[in-house]
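S.K.: Got a sequence here, can you build the structure:
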Amino acid sequence: MTVTEITKIVLGIIAALGGGGAIVLGLSNYFGQFLAKRYEEKIKAKFQNEINEYQSQLDIIKQTTIRYSDKQFEHYSKLWSSLYDLKLLADDLWQQATPVRLERFSRQLKSTKTEIEKASLFIEETHYKELTETIKYFSEYQIGKSDLINYRQTNNYEQYNVQQMIADNGMKKAAFETLISAVKADLKKQIGGH
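M.R.: Sure thing, here's the model as predicted:
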């Protein structure tokens, strides 16, 4: 059958039914389009609601991430400042081991430990481990310097023992300086992502 033949058959049926057939066909077409349009609007509304829900969830995640990132940046900045102050006091103590310098170093060491624990919720776990490892070396350095000061205060100390204590403290100093460099590089990467 060709298109022409199909058209003749359809027109024949419409003519046989008369004007009523044309009206029924027109109304069927109208209601079909009306129902299709309503269904399409319903589907669009459903998808728009889903999109709005996802957008709302994304906004919440974005705000939470921004708040966390800002807090993390703040803590990393404080940590680095405290760690750097501790390093300066360690260098000062290295130049001359005195009770006054040891006391300043000890106070800063305690303050830095406190900063690390306060920030532990916001800093990366690997950074926390690096920082606590660095503090361990600083603490050992503190003990070594304290021992050296106490040993020097005795009247009969041997220069060999003093040199050995200084060498031990030098190794501890080198260890925490290496760790500080690694921590600095890691913190820069972390902050750079901010």
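S.K.: and the residue positioned nearest the centre of the chain, how far is that from residue 82?
M.R.: Residue closest to the average C-alpha location in the chain (C-alpha atoms, centre = their mean): residue 69, at 5.5 Å. Using C-beta to C-beta, to the nearest Å, residue 69 is found at 20 Å from residue 82. Any C-beta I mention is one placed from the backbone N, CA and C, and that applies to glycine too.
S.K.: The top helix by length along the chain - contacts with which helices or strands?
M.R.: Secondary structure of the chain per DSSP state H: the longest helix is helix 19-95. Helix 19-95 sits against helix 3-17, helix 99-119, helix 125-152, helix 159-192, with contacts defined as 3 or more C-beta pairs under 8 Å, 6 or more residues apart in numbering; DSSP states H and E.
S.K.: Turn the ones you listed into a markdown table, columns for distance to residue 35.
M.R.: Output for those, formatted as a markdown table (distance: least, C-beta to C-beta, whole Å):
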| stretch | distance to residue 35 |
| --- | --- |
| helix 3-17 | 23 |
| helix 99-119 | 62 |
| helix 125-152 | 59 |
| helix 159-192 | 57 |
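S.K.: Lowest average confidence across those helices, which one?
M.R.: Mean pLDDT is lowest for helix 3-17 among these, at a mean of 65.
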